[in-house]
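Asker: please work out how this folds:
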Amino acid sequence: MAKRMFDAIAAALGLLLLAPVLLAVAIAVRLDSPGPVFFRQERVGRGGRTFRIHKFRTMHVDAPSQGPPITVGVDPRITRVGHVLRGHRLDELPQLIDVLWGDMSLVGPRPEVPRYVEHYPPEMRAKVLSVRPGITDPASLEHLDEATLLASASDPEREYVQVILPRKLALQADYAARATLASDLKVIARTLRAVWGR
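Answerer: Alright, predicted model coming up:
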């Protein structure tokens, strides 16, 4: 209950305080390339329930048909503004809407697309999907340069499914087992330091 209350209050305040930034980013996205401001995609949330995540669009509108739902190296599908947004994680800010609505938390396992959730071992699936997915978590902090790592693989998607995803799941399951409001605050602080550092 305390975690949900904290999430709702923080998300509402965040959307209010960041409104000028959100508006500026929305205008930049719209002017940079044709298409909608937001990118909506089906993700798997708590208990296996699917929802549509909010992100600022960082790729061209035909990107989903041009490759897998992972980013590999300097992906040509990413727009000019998209490179900047991804570099500073600004594309993730609209997920505060998902936190406010209750589909997500500020901290929790990053929600995957159904395509990759199918690869979760049953015991890991139960643990990782027992909590709300989040905007940030220890696993995502450990894989900030995931796109660069995938760029060096001969088969990026297989590398993601067989190597990176199991590592993430182990960290996410550990988070789900130990999560407290205090630990969430530490993850948020680490995230802010990581983003500012970039």
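Asker: which outside residues touch the helix or strand of the chain with the lowest mean pLDDT?
Answerer: One helix or strand of the chain scores below all others by mean pLDDT, DSSP states H and E: helix 146-151, with a mean of 85. Here helix 146-151 makes contact (Cβ atoms under 8 Å, 6 or more residues apart in numbering) with 70-75, 143, 156, 159-160, 164. Where C-beta positions appear, they are placed from N, C-alpha and C, glycine not excepted.
Asker: quick one, strands of the chain?
Answerer: Per DSSP state E, the chain carries strands over the ranges 38-44, 50-56, 105-107, 134-136.
Asker: give me the low-pLDDT residue ranges for this structure?
Answerer: Counting by pLDDT under 70, the chain shows low-confidence ranges at 197-198.
Asker: run the last query once more with 90
Answerer: Scanning the chain for pLDDT under 90 picks out the ranges 1-2, 61-76, 87-88, 143-154, 156, 194-198.
Asker: quick one: the residue in the chain sticking out farthest from the centre from Ala147, how far?
Answerer: Ranked by distance from the centre of the chain (Cα atoms, centre = their mean), the top residue is Ser154, with 24.6 Å. Separation of Ser154 from Ala147 (Cβ to Cβ, to the nearest Å): 16 Å.
Asker: repeat for Ala24
Answerer: With Cβ to Cβ as the criterion, Ala24 and Ala147 are 25 Å apart.
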